[in-house]
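Novice: Requesting a structural model of the entry that follows:
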Amino acid sequence: MYVAVWPGNVYPLGASWDGKGTNFALFSENATGVELCLFDADNHEIRLPLTEKNNFVWHAYLPGVGPGQRYGFRVHGPWAPELGHRFNPNKLLIDPYAKAIDGEISDTAAIFGYSLDAPEQDLAFSDLDNAETMPKCIVVDQSFDWGDDKLLSIPWHETIIYETHVRGFTKLHPEIPEELRGTYAGLAHPVAIQYLQQLGITSVELMPVHHFLSSPGFLVNKGLKNYWGYDSINYFTPYSGYSASGSVGQQVTEFKQMVKDLHSAGIEVILDVVYNHTGEGNHLGPTLSLRGIDNAVYYRLVKDNSRYYMDFTGCGNSLNVRHAQVLKLIMDSLRYWVTEMHIDGFRFDLASALARELYEVDNLAAFFDIIYQDPVLADVKLIAEPWDLGEGGYQVGNFPLRWSEWNGRYRDTVRDFWRGEDDSLGQFAYCFTGSPDLYQANGRNPSASINFITAHDGFTLNDLVSYNEKHNQDNGEDGRDGESHNRSWNCGVEGETNDPDVIRLRQRQRRNFLATLMLSQGIPMLLGGDEIGCTQKGNNNVYCQDNEIAWRDWSLQKSNSELLDFARELIYFRHQHPVFRRRKWFQGRPIHGFGISDIGWFNDDGSEMTEKQWLVSYAKAMEIFLNGEGIVTPGRRGERIIDESFLLFFNAHYETIEFALPNVFQDREWEIVIDTNESRFLSPGKLVMGEQTVPVTDRSLMVLRRLAS
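Specialist: Residues are numbered from 1 along each chain as shown. Predicted structure coming up:
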């Protein structure tokens with residue numbers, strides 16, 4: 001078969017169809033030769049040497065080649081692992097800029113660039129050809145009728161994030177057609193969208209959808225799969241395993257339609273992205289893409305022994321963000337998902353690894369500078385997981401302007417508070433007010449704090465109050481995986497129980513966590529399924545459980561209907577009351593003390609908190625006053641915002657406490673609107689006035705609304 005080859009262009013990288021043909025371009029600084037490999041439906045291969053190279057980009061234009069064409073690259077160069085070079089033309093490689101990938105990677109000896117039988121495995125060159133077992137890149141037609149769709153740009157302070165998994169969210173949903181369950185189309189099904197709308201969330205944060213290594217050998221041998229997807233092998237392609245319509249470009253269209261449908265429902269789409277490492281792993285990992293294209297460019301290698309990889313992620317390798325081409329790859333990917341896929345924001349996995357230009361984490365790193373000035377990313381949400389596994393990687397509070405962060409301190413503090421651990425009320429107060437101790441000094445607002453109690457990594461909310469220890473036996477690692485210090489409390493019995501007292505306490509604790517989350521300043525993030533009491537049976541690391549352990553159990557909607565209703569009412573309550581979602585910090589004084597109008601802090605007897613009391617570790621109760629007339633920032637049209645005022649009674653003690661109204665508030669009637677000892681909002685609620693005390697049940701939260709005079 002004859003294929004015409006024209007010189008083509010350096011830009012754009014990847015495969016770009018213009019309606020008449022396709023331009024192919026691949027960056028490799030150290031390669032000595034590149035072959036473009038075309039495959040037909042029967043997997044027959046044609047190899048076309050790329051003779052044009054400019055600025056280390058190898059390129060060609062093929063007239064007549066268009067959407068649906070399957071392809072890959074073979075890259076020639078030195079095999080010198082000790083020097084960081086692992087070129088092997090026997091390995092078909094995935095285009096880093098491919099827009100669609102067809103097929104899964106088979107776990108065979110052929111996918112490794114070295115010989116598995118050699119004494120020092122990774123030093124021995126492999127002659128095995130992997131083309132039969134490798135997925136193929138696909139030339140795609142990017143056209144799509146977006147209509148008037150655009151980024152929703154929901155203001156940060158109005159945002160409520162719902163973290164979920166594309167497959168797990170609908171895989172067991174009885175009202176969604178079976179062929180759509182676990183897919184992009186399933187997530188966009190009217191039943192799924194209606195559920196999200198009724199819950200009241202504004203943004204779904206999807207766990208990784210970049211095409212990833214789904215079946216690494218160590219999991220296959222145990223009969224498991226990579227469920228979470230934190231092993232990307234391409235940063236432009238939506239994972240074809242979540243597509244109901246096909247894998248030769250249809251997954252791209254299906255993904256776009258999902259985004260369009262969610263946008264039409266007023267719901268943003270945020271992607272969890274993994275730019276810190278790839279699924280190629282360490283020196284003993286497979287050669288799938290970047291390793292074979294230019295290992296020394298794309299990965300951080302050990303300075304004095306380039307055979308090995310710097311690993312700040314715990315996944316075997318770290319991307320070399322010091323190199324301009326790697327930064328370009330990341331930025332091109334981010335821009336693509338915004339411009340072509342209409343994504344509203346990104347959550348960066350192990351984001352500290354991206355700031356390591358040398359060894360230490362550097363908040364002046366080029367990565368942050370490039371993002372800060374980029375006009376395409378100017379209006380998207382940027383969320384950091386502000387830690388990695390390297391030394392000094394815990395960087396909560398240290399990310400620059402425009403970044404919000406998963407607030408790990410919020411999670412830990414609120415968990416400890418409600419399980420009764422000794423800690424100062426001052427730390428809880430900081431967290432409740434948006435963590436100004438972390439974010440205010442560098443010019444950020446409360447929206448810098450992404451508040452969460454639970455996330456995909458760890459216990460679900462139900463398991464947080466049901467297990468003291470992790471139970472990860474199904475992962476096949478003898479319990480060595482997963483976090484051991486979970487700050488959880490089983491309420492007296494480990495795991496499932498029929499004890500009515502334990503069950504009631506657990507239900508109350510779930511409501512305590514949800515209420516604290518939705519009433520705190522900052523941005524709440526709810527783990528999908530917590531609102532209906534989903535359980536993972538005590539497994540706090542379901543990364544490899546692509547099954548009922550991790551999938552959403554929709555049958556719980558009925559048995560936990562009261563919890564679901566409570567969550568919906570809480571979210572609606574937050575939407576209705578701007579006093580719980582202020583754009584700016586509380587003003588005029590330190591976080592504790594009294595003397596300004598927008599917030600007040602009191603003991604359970606109604607007296608003012610003193611400096612000394614903030615530091616008492618055994619204190620488990622407090623009152624917080626939020627003044628709805630003390631919001632100084634205007635609304636969208638410059639109007640003054642006035643809300644109702646509230647008193648919040650927190651009792652994390654193991655006994656009921658009689659709370660008293662502060663003297664300054666005894667001249668008004670107050671209505672109890674939330675009591676986490678009850679399964680529903682109170683309407684109408686009990687009225688309180690004057691010196692009347694209010695019994696607050698052990699380990700519960702009560703919210704009182706001030707009535708008009």
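Novice: my read: E623 touches F646, true?
Specialist: No. Contact between E623 and F646 fails when scored by C-beta atoms under 8 Å: they sit 10.6 Å apart. Every C-beta, even on glycine, is put in place using the N, C-alpha and C of the backbone.
Novice: The two: which is more packed in?
Specialist: E623 (27 against 21; other C-beta atoms under 10 Å).
Novice: Other residues contacting the lowest-mean-pLDDT helix or strand in the chain?
Specialist: Lowest by mean pLDDT, DSSP states H and E among the helices and strands of the chain is helix 217-220, with a mean of 78. The contact list for helix 217-220, computed with C-beta atoms under 8 Å, 6 or more residues apart in numbering, reads D107, K225, N226, C544.
Novice: Out of these, flag the one nearest to S232.
Specialist: Nearest to S232 among these: N226, at 10.7 Å, using C-beta to C-beta.
Novice: Can you tell me the closest non-neighbouring residue to the closest one?
Specialist: Spatially, and ignoring its direct neighbours in sequence, N226 is nearest to S214 (5.1 Å; C-beta to C-beta, 6 or more residues apart in numbering).
Novice: do I94 as well
Specialist: Going by C-beta to C-beta, 6+ apart, I94 has S289 as its nearest residue, at 4.2 Å.
Novice: From S28, how far out is that neighbour?
Specialist: 11 Å (C-beta to C-beta, to the nearest Å).
Novice: And for Y654?
Specialist: Relative to S28, and taking C-beta to C-beta, Y654 is found at 64 Å.
Novice: Compare the two and say which is more crowded by neighbours.
Specialist: S28 (26 against 9).
Novice: contacting residues for the nearest residue to the more buried one once chain neighbours are set aside?
Specialist: Excluding the flanking residues, the one nearest S28 by C-beta to C-beta, 6+ apart is D294, at 4.5 Å. Applying C-beta under 8 Å, 6+ apart, we find D294 in contact with F27, S28, E29, N30, A31, V75, G77.
Novice: so of those residues, which ones are in strands?
Specialist: F27, V75 (DSSP state E).
Novice: Mind checking which of the contacts of D294 are buried?
Specialist: F27, S28, N30, A31, V75, G77 (16 or more other C-beta atoms under 10 Å).
Novice: can I assume the first one is in contact with H323?
Specialist: Put plainly, it is F27. No. Taking C-beta under 8 Å as the definition, F27 is not a contact partner of H323, at 10.3 Å.
Novice: Quickly list what's touching both of those two.
Specialist: If you check F27 and H323 against C-beta under 8 Å, 6+ apart, the residues they both contact are V297.
Novice: Can you tell me which of the contacts of helix 217-220 lies closest to L48?
Specialist: Scanning the contacts of helix 217-220 for proximity to L48, where the rule is C-beta to C-beta, the winner is D107, at 28.9 Å.
Novice: So the closest one, which state does it fall into?
Specialist: Three-state assignment for D107 (DSSP: H, G, I helix; E, B strand; the rest coil): coil.
Novice: quick one, strands of the stretch 201-350 of the chain?
Specialist: In the stretch 201-350 of the chain, the strands defined using DSSP state E, counting those that start in this stretch lie at 203-206, 268-273, 345-348.
Novice: so what's the residue nearest to I94 scoring on pLDDT?
Specialist: pLDDT, S289: 98.
Novice: That one: how many residues sit nearby?
Specialist: 24.
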